[in-house]
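*Asks:* A predicted structure for the sequence below; I have some questions about it.
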Amino acid sequence: MSVGLNMFAVKDQDLSAGLNTVQHQLSQDETMLVHLGRNSTTFVPLPQPQSKEIEFGILSHDIHIGVEQIANDFFRHDIPGEPEIDHAINCIEDELMRNLVLQSGGRTLISNDKLHAAIFNVAEGATEFSREQVEAVFTRYAWLSMGRASATDKLQTGKQAYAALLILREILHHLDYQKVLIMAD
């Protein structure tokens, strides 16, 4: 079995720099940028509303699930077992259900996180994935967790990769996003 074992360190990145990059590459259609942090996930509606009430800063909404938090609180192994994944999913679902204000409303979800780009093999530019395609990638990770991965799978593994994939998958399912646009740096 050939599995790519890579460790990813999630660093708190400057969200405004990433936001500027993303905004310049997109059309003016309504979208939602999702940014994975260590202990939280930030949602940023795009384009940003122009209003006198928002004189500075970025209009965003944080939820209390992050890559390092999920990886450290739920996963004992670099390739977590089925019960570890189920427990993490329940936690993520609970937090998302408390934040239904973030539902898609027809918007496209966007991620420019390095973990998502690595998991989905997006090396440059941007690639769109349907909810079903994300589910297919999750299924490959689930098989790996059960010890039944294919010898041809070259998955980015590690606790952080599993956490990033679970967060994205649950956002798509529970906040009703039909697709995600994953952007490389």
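*Replies:* Okay, I see it.

*Asks:* quick one: the strands in this structure?
*Replies:* Using DSSP state E, the strands of the chain run over 4-5, 31-36, 41-46, 61-63, 108-111, 126-130, 156-157, 179-183.

*Asks:* As JSON lines, those strands with distance to Gln69 would be great.
*Replies:* All C-beta atoms are positioned from the backbone trio N, CA, C, and that covers glycine. Supplementary listing: the strands of the chain in JSON lines, determined by distance: least, C-beta to C-beta, whole Å:
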{"stretch": "strand 4-5", "distance to Gln69": "22"}
{"stretch": "strand 31-36", "distance to Gln69": "10"}
{"stretch": "strand 41-46", "distance to Gln69": "10"}
{"stretch": "strand 61-63", "distance to Gln69": "11"}
{"stretch": "strand 108-111", "distance to Gln69": "18"}
{"stretch": "strand 126-130", "distance to Gln69": "24"}
{"stretch": "strand 156-157", "distance to Gln69": "19"}
{"stretch": "strand 179-183", "distance to Gln69": "21"}
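
*Asks:* Out of the ones you listed, which is closest to Leu100?
*Replies:* Evaluated with C-beta to C-beta, the strands of the chain place strand 61-63 nearest to Leu100, the distance being 11.0 Å.

*Asks:* Can you give the strand pairings for that closest one, parallel or anti for each?
*Replies:* strand 41-46 (antiparallel) (DSSP bridges).

*Asks:* For the partner strand, what is the distance to the chain centroid?
*Replies:* Strand 41-46 has its C-alpha centroid displaced from the chain centroid by 11 Å (C-alpha atoms, centre = their mean, to the nearest Å).

*Asks:* you'd agree Phe129 is up against Phe120?
*Replies:* Yes: assessed by C-beta atoms under 8 Å, Phe129 is found in contact with Phe120 at 6.3 Å.

*Asks:* what is in contact with these two at once?
*Replies:* Among the neighbours of Phe129, those also in contact with Phe120 (C-beta atoms under 8 Å, 6 or more residues apart in numbering) are Val137, Ile182.

*Asks:* Name the helix or strand of the chain that has the lowest mean pLDDT.
*Replies:* When each helix and strand of the chain is scored by mean pLDDT, DSSP states H and E, strand 4-5 comes last, with a mean of 38.
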